[in-house]
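# prediction below, plus the sequence it came from.
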Number of protein chains: 2
Amino acid sequence: MSELSATERTRHRRLREKGRTDRAALYEVLRAGFVCHLGVISEGVPMVVPTVYGFDAGHLYVHGSSASRSLTGRESSGARAGSGSPDGDADARPGPSAGPSVVCVTVTHVDGLVLARSVFEHGVNYRSAMVYGVPRRLEGEEKLAALRILTEHSAPGQWDYARRPSRKELAATTILAISLAEASVKVSSGPPDDGEGPDAALGLWAGVLPLATTWLAPIPDPLLPEGATPPDHIGGRTGTRLS
Amino acid sequence: MSELSATERTRHRRLREKGRTDRAALYEVLRAGFVCHLGVISEGVPMVVPTVYGFDAGHLYVHGSSASRSLTGRESSGARAGSGSPDGDADARPGPSAGPSVVCVTVTHVDGLVLARSVFEHGVNYRSAMVYGVPRRLEGEEKLAALRILTEHSAPGQWDYARRPSRKELAATTILAISLAEASVKVSSGPPDDGEGPDAALGLWAGVLPLATTWLAPIPDPLLPEGATPPDHIGGRTGTRLS
């Protein structure tokens, strides 16, 4: 298993058995979700936007939009210039083009509440990955391949099922690639810490209240003909867990 | 219903019927979760850390830790100096103390995948709130009150049930308050957009695959005596939806 980098930015300051340094752990966290929080600096202020992502062994791909404008230092030519939401809408303004900048992408899964005997020891069980990198805007074949990865990550089977992007739609889509070279993973799991301390004598219940995120039954577009059933690659996900 | 501010940073650039400007919508999004993504600038680079939050009518409270160190321009004196995780652990390094800076806090609930007839129209149904503000580090009574809000937001009933923080524990806890004055909310819901366009003729299934986040049954700390049952304020949440 290859090691994640440990640059000054991603080195774990306090371990508490939470830092993971293997690539498999990174892929595991990335696999378990499809919306990340992308942090950029826009006119001197941090901006955190939720957006969809996909990944392969070496890169994270985000469906940006013109968060990219302030990030890559290049103006978007696309009609979809806009960012700030999971499907590419916009709060972002084009910043002064200061050239490519480092961004931070964080993916978090909240697995449960840790309910301890003392308020102080309360916490959260979670899995989180943080990736730092300079986004590169993809074009041509690379862009199409990344869009496929991105689509298949959240909606496996749709690339072959739905109509693929036209040349014009592709031009109106911005895909950014961010290297996975500088990344860190933290996982917190298990019961609270105070079961062997003096607070155990309080006789209070303690433990974890877990959370699960699950796919429900598909809701058909009301414009579909009566009785239209979803294909298996969609309907078959119902009841399965996202994370 | 009072209006959210519309500063240059939070004005909605593209509406698509997603921007909400009423305070009730903001509170609704904040109520539906307990982990936010806090964006700060640390040594010139954006850093996005998941962390727990609570709120009242005027402020968001985050359980920081020393993301606070680079934010508030004051060194933390606490033993829990560390940030970068939902319960306050650390990837963050103390940056050069440049004084108080604006941070961005984003809370996102992913409600489902929008599966359209074309890949281009695919998207995500979500509710998201973005708050910009200069965090203020709380002390004394204000800090205790905010910690209570924060605790009760994720774990209602625990402030009265669990042992409250000692003076020493309180000193080792950092709570930041961020005004809700500059905030924006976006909500995307409903079926895909292409049901009345030319792609409708493709005869493909289209609709939404919804996601639900649900509390599962409590997992007792293995150190508890056999048969210990959780109090109602914990056990009673099982099966209810977080968002």
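Great, that's in hand.

# tell me how far A:Glu169 lies from B:Phe120.
When distance is defined by C-beta to C-beta, to the nearest Å, A:Glu169 is 4 Å away from B:Phe120. The C-beta positions use only the backbone N, C-alpha and C, and glycine is treated the same way.

# the two: who's more crowded?
Per other C-beta atoms under 10 Å in any protein chain shown, whichever of A:Glu169 and B:Phe120 has more neighbours is B:Phe120, with 23 against 18.

# so that one sits in a helix?
Yes - judged by DSSP: H, G, I helix; E, B strand; the rest coil, B:Phe120 forms part of a helix.

# right, and it touches A:Ala171 too?
No - proximity of B:Phe120 to A:Ala171 does not meet the contact threshold set by C-beta atoms under 8 Å, at 10.9 Å.

# please name the bridge partners of the residue nearest the centre of chain A.
By C-alpha atoms, centre = their mean, chain A has its centre lying nearest to A:Cys36, at 2.5 Å. The bridge-partner assignment for A:Cys36, based on DSSP bridges, gives A:Thr51.

# contact partners for it?
Contacts of A:Cys36 were listed using C-beta atoms under 8 Å, 6 or more residues apart in numbering or on different chains, and they are A:Pro50, A:Thr51, A:Val52, A:Tyr53, A:Leu60, A:Val62, A:Val105, A:Thr106, A:Val107.

# same question for A:Phe120.
For A:Phe120, the contact set (C-beta under 8 Å, 6+ apart) comprises B:Pro165, B:Ser166, B:Glu169, B:Ala172, B:Thr173.

# and the last one, how close does it get to chain A?
Okay, so that is B:Thr173. 7 Å (C-beta to the nearest C-beta, to the nearest Å).

# one more: the second one?
As for B:Ser166, its distance to chain A is 8 Å (criterion: C-beta to the nearest C-beta).

# check contacts around that residue.
Applying C-beta under 8 Å, 6+ apart, one finds that B:Ser166 lies in contact with A:Phe120.

# ok, which stretches of chain A are strands?
With DSSP state E as the definition, chain A shows strands at residue ranges A:19-20, A:35-42, A:45-55, A:59-62, A:103-115, A:123-133, A:136-137, A:176-179, A:182-188, A:207-215, A:219-220.

# reformat those strands as JSON lines; add mean pLDDT.
Written out in JSON lines, the entries for those read as follows (pLDDT from 0 to 100):
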{"stretch": "strand A:19-20", "mean pLDDT": "78"}
{"stretch": "strand A:35-42", "mean pLDDT": "95"}
{"stretch": "strand A:45-55", "mean pLDDT": "96"}
{"stretch": "strand A:59-62", "mean pLDDT": "97"}
{"stretch": "strand A:103-115", "mean pLDDT": "97"}
{"stretch": "strand A:123-133", "mean pLDDT": "96"}
{"stretch": "strand A:136-137", "mean pLDDT": "94"}
{"stretch": "strand A:176-179", "mean pLDDT": "96"}
{"stretch": "strand A:182-188", "mean pLDDT": "94"}
{"stretch": "strand A:207-215", "mean pLDDT": "97"}
{"stretch": "strand A:219-220", "mean pLDDT": "97"}
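
# out of the ones you listed, nearest to B:Ile219?
Evaluated with C-beta to C-beta, the strands of chain A place strand A:207-215 nearest to B:Ile219, the distance being 4.6 Å.

# the residue sitting furthest away from the middle of chain A and chain B, how far apart?
Seen from the C-alpha centroid of chain A, the residue lying at the greatest distance (C-alpha atoms, centre = their mean) is A:Ala201, 41.3 Å away. A:Ala201 sits 11 Å away from chain B when distances are taken as C-beta to the nearest C-beta.

# just the angle between the longest helix along chain A and strand B:207-215, please?
Once chain A is assigned using DSSP state H, the helix that runs over the most residues is helix A:140-154. The directions of helix A:140-154 and strand B:207-215 differ by 50 degrees, with axes from the mean of the first three to the mean of the last three C-alpha atoms, to 10 degrees as the criterion.

# what residues of helix A:140-154 count as buried?
By 16 or more other C-beta atoms under 10 Å in any protein chain shown, the buried positions in helix A:140-154 come out as A:Lys143, A:Leu144, A:Ala146, A:Leu147, A:Arg148, A:Ile149, A:Leu150, A:Thr151, A:His153, A:Ser154.

# including pLDDT, could the residues you listed go into TSV?
Compiled in TSV, those are given as follows (pLDDT from 0 to 100):
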residue	pLDDT
A:Lys143	97
A:Leu144	97
A:Ala146	98
A:Leu147	97
A:Arg148	98
A:Ile149	98
A:Leu150	97
A:Thr151	97
A:His153	98
A:Ser154	96
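
# from those, list the ones also adjacent to chain B.
Contacts with chain B within the buried residues of helix A:140-154, counted by C-beta under 8 Å from any C-beta of the partner chain: A:Leu147, A:Thr151, A:Ser154.

# which residues does the last one contact?
By C-beta under 8 Å, 6+ apart, the contact list for A:Ser154 reads A:Phe34, A:Val52, A:Gly54, B:Leu113, B:His122, B:Val124.

# then the first one?
Counting by C-beta under 8 Å, 6+ apart, A:Leu147 makes contact with A:Tyr61, A:His63, A:Pro165, A:Leu170, A:Thr173, A:Ile175, B:Val119.

# could you rerun that using 10 Å?
Taking C-beta atoms under 10 Å, 6 or more residues apart in numbering or on different chains, we find A:Leu147 in contact with A:54, A:61, A:63, A:138, A:159, A:164-165, A:169-170, A:173, A:175, B:119-120.
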